[in-house]
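J.: Structure for this input, please:
(one chain, ligands or ions: 1)
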Amino acid sequence: MQTYDNYISGEWLASVSTTPNRNPSNLADVIGEYAQADAEQAKGAIAAAAKAFPAWAMGSIQERANSLDKIGSEILARKDELGRLLSREEGKTLPEGVGEVTRAGQIFRFFAGEVVRMSGEKLASIRPGVEIEVTREPIGVIGIITPWNFPIAIPAWKIAPALAYGNTVVFKPADFVPGCAWALADIIARAGLPPGVFNLVMGRGSVVGETMVNHPSVAAISFTGSVSTGRGIAAKAIARMAKLQLEMGGKNPLVVLDDADLATAVNVAVQGAYYSTGQRCTASSRLIVTTGIHDRFVAALADKVKALKVDDALAQGTDIGPVVDQSQLDQDLSYLDIGRKEGATLVLGGERLKRQHDGYYLAPALFTEASNDMRISREEIFGPVASVIRAKDYDEALALANDTEFGLSTGIVTTSLKYASHFKRHAQAGMVMVNVPTAGVDYHVPFGGRKGSSYGPREQGRYAAEFFTIVKTAYTAP
Ligand code: NDP
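T.: Next comes the predicted model:
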């Protein structure tokens, strides 16, 4: 069995222990043994990143751009192989895996361009003869902590801007998915960055993550993951006044109005609620449907969901792969029980499925007659489970959509320009989708939410500069 080491200060280093990376479609398939760092090794990576920072921050922007372009190009050239690895370790289907890898490559290429597009402002002063320049500078060592559900795209959309704007990086991936993280680090290691500019530290969140969050040399933490972990990180990082960016959960609504095109509504709901096994922070887990279309929508949706093929993520024709691991499966099953006890009707799915290999297979589940105050409508399940909530008209649907402590992505299916425009204006979420799924976003525009979903500046696109740089105002007299 191959062992994969951590990458610190330009060297591959073994750790005190390793952990197996298991395929959720076939539990007998172990992808490799991956390093588990202790706190000392994490501190070594932070020290290396701090040492590398001054030269990298002041270095050639052309070299920076070249390195990011090289990383993006290699990811794109190897998208099929890396997509296969992603699907094997995380369980999303092969087309989804290749799609995610493609996105990661595009993100590096986008930020390669951003390196040379950085600009500032020059203004006149209120004092005659004095000139003012407003510029952006890198902030230092960035601690990057990522979840398991997008094992290459989320690391890419944090690492690429961090490096592009002149910061150095300590990257801790989620424990379930070290394979893509290691493959990405291997590509970055060959892209010509000076030692210490990028470091990979695989290991437990409670050990490596905590060390990064608490360390005075880590200037900023960019985290994506659950609300509870995010809150814990915030308390510690803010106490030492580190810069902080948190992307957390969602309970995303999809409103379907009477005037919707039925086929569009069903496709948007199936894609948003069930693809990637529902394990997306942007998944549409609340389907809010007005009375006139409710029964037709539920019948057509149920037919479509029944026809979805749940199987090995790597098998041809699979629509829905397995759940990522036993603890996530337990969480999904427990919410199915909660929904039944709360009085929602489980019209479809929710049972464990047997396939050729032993894996975490779950039939996509659909509740109807749910109300917005049930736990299944308020708490993030993070699995292939959606609930239909009935609304009497558009106004009630909008109120229900906004009645949540989250605010990541929200959607509507309608043919009415009036309702589409009103919804875009009044939806309380970071991202609004009209006739497209709540999940699935472009790489060159801002990503992020409101309320309990996000904290700090947006990620991705040019807006990433807000988090990964700090503003300086310089005054010059002749
Ligand atoms: P977790 O919060 O459990 O873990 C996220 C990351 O934090 C992992 O790398 C984890 O390490 C690490 N971590 C755990 N404990 C600590 C700690 N005490 N200090 C520092 N780091 C720590 O989330 P999941 O990986 O389970 O991801 C699923 C969640 O992520 C869902 O709730 C989902 O909504 C959210 N998510 C949000 C997105 C968004 O952009 N809004 C996108 C994708 C997911 P380890 O793996 O070792 O435990």
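J.: Which positions in the chain make contact with the ligand?
T.: Residues of the chain lying close to the ligand (Cβ under 6 Å from any ligand atom) are 145-150, 172, 174-175, 204-206, 209-210, 213, 224-226, 229, 232-233, 247-249, 281, 380, 382, 408, 453. Any C-beta I mention is one placed from the backbone N, CA and C, and that applies to glycine too.
J.: Give me the buried subset of those residues.
T.: Buried members of the residues of the chain next to the ligand, counted by 16 or more other Cβ atoms under 10 Å: 145-150, 172, 174-175, 205, 209-210, 213, 224-225, 229, 232-233, 247-249, 281, 380, 382, 408, 453.
J.: Give me the buried positions along stretch 214-234.
T.: Residues of stretch 214-234 classed as buried: 214-215, 217-225, 227, 229-230, 232-234 (neighbour count, 16+ other Cβ under 10 Å).
J.: What about the residues you listed, which are in helices?
T.: Counted as lying in helices by DSSP state H, out of the buried residues of stretch 214-234, are Asn214, Val227, Thr229, Gly230, Gly232, Ile233, Ala234.
J.: which residue sits closest to the residue in the stretch 251-400 of the chain positioned nearest to the ligand, ignoring its sequence neighbours?
T.: Nearest residue of the stretch 251-400 of the chain to the ligand: Cys281, at 3.1 Å (Cβ to the nearest ligand atom). Leaving out its chain neighbours, the residue that sits closest to Cys281 by Cβ to Cβ, 6 or more residues apart in numbering is Gly250, at 4.8 Å.
J.: correct me, but that neighbour touches Phe382?
T.: No - contact criterion Cβ atoms under 8 Å: Gly250 and Phe382 do not qualify, at 9.4 Å.
J.: Need the overlap of contacts for these two.
T.: Taking Cβ atoms under 8 Å, 6 or more residues apart in numbering as the criterion, Gly250 and Phe382 both touch Ala283.
J.: give me every residue that touches Gly32.
T.: Met1, Gln2, Thr3, Tyr4, Pro20, Asn21, Gly179.
J.: Then Thr102?
T.: Contacts of Thr102 by Cβ under 8 Å, 6+ apart are Leu76, Lys79, Gly83.
J.: same thing but 7 Å
T.: By Cβ atoms under 7 Å, 6 or more residues apart in numbering, the residues touching Thr102 are Leu76, Lys79.
J.: any idea which helix or strand carries it?
T.: Assessed by DSSP states H and E, Thr102 sits inside helix 94-115.
J.: Can you name the next helix or strand after that helix?
T.: Per DSSP H and E, the first helix or strand lying C-terminal to helix 94-115 is strand 121-124.
J.: okay, the angle between the one helix or strand Gly179 maps to and helix 94-115?
T.: Assigned by DSSP H and E, Gly179 falls within helix 178-189. In terms of direction (axes from the mean of the first three to the mean of the last three Cα atoms, to 10 degrees), helix 178-189 departs from helix 94-115 by 30 degrees.
J.: now, which of the ones in helices among the buried residues of stretch 214-234 sits nearest the ligand?
T.: Nearest to the ligand among those, counting by Cβ to the nearest ligand atom, is Thr229 at 3.1 Å.
J.: Spatially nearest residue to the closest one (excluding sequence neighbours)?
T.: For Thr229, ignoring the flanking residues on the chain, the nearest one in space by Cβ to Cβ, 6+ apart is Gly205 at 6.8 Å.
J.: and what of Pro161?
T.: Going by Cβ to Cβ, 6+ apart, Pro161 has Ala464 as its nearest residue, at 3.9 Å.
J.: Could you check how far that neighbour is from the ligand?
T.: For Ala464, the distance to the ligand equals 13 Å [Cβ to the nearest ligand atom, to the nearest Å].
J.: Tell me the secondary structure of that residue, please.
T.: helix (DSSP: H, G, I helix; E, B strand; the rest coil).
J.: I'd guessed it sits against Ile159; true?
T.: No - the pair Ala464 / Ile159 is not scored as a contact, 11.1 Å apart, by Cβ atoms under 7 Å.
J.: before we move on, back to that, avg pLDDT for the helix or strand following the helix holding Gly179?
T.: Going down the chain from helix 178-189, the next helix or strand is strand 198-200, by DSSP H and E. The average pLDDT within strand 198-200 is 98.
J.: in this protein, which strand has the most residues?
T.: Secondary structure of the chain per DSSP state E: the longest strand is strand 26-36.
J.: Next, the buried residues of that strand.
T.: Using 16+ other Cβ under 10 Å as the test for burial, strand 26-36 gives Asn26, Asp29, Ile31, Gly32, Glu33, Tyr34, Ala35, Gln36.
J.: Could you give the separation of that strand from the chain centroid?
T.: Strand 26-36 sits 23 Å away from the centroid of its parent chain (Cα atoms, centre = their mean, to the nearest Å).
J.: Report all helices and strands that the following helix or strand past that strand contacts.
T.: Counting by DSSP H and E, the element after strand 26-36 in chain order, helix or strand, is helix 39-58. Packing partners of helix 39-58 (3 or more Cβ pairs under 7 Å, 6 or more residues apart in numbering; DSSP states H and E): strand 6-8, strand 141-145, strand 168-172, strand 198-200, helix 210-214.
J.: Run the angle between helix 39-58 and strand 26-36 for me.
T.: 70 degrees.
J.: Go through helix 39-58 and flag the buried ones.
T.: For helix 39-58, the neighbour count (16+ other Cβ under 10 Å) marks 39, 41-53, 56-57 as buried.
J.: Show me which of these is closest to the ligand.
T.: Nearest member of the buried residues of helix 39-58 to the ligand, counting by Cβ to the nearest ligand atom, is Ala42, at 10.6 Å.
J.: quick one: what helix or strand has the spatially most central residue of the chain in it?
T.: Nearest to the geometric centre of the chain sits Ile154, at 4.9 Å (Cα atoms, centre = their mean). For Ile154, the host element (DSSP H and E) is helix 153-164.
J.: Can you classify the nearest residue to Pro478 once chain neighbours are set aside as helix, strand or coil?
T.: Take Pro478 and drop its neighbours on the chain: the residue closest to it by Cβ to Cβ, 6+ apart is Gly129, 5.6 Å away. Following three-state DSSP, the label given to Gly129 is coil.
J.: Stretch 222-233 - what's its average pLDDT?
T.: Averaging pLDDT along stretch 222-233 yields 97.
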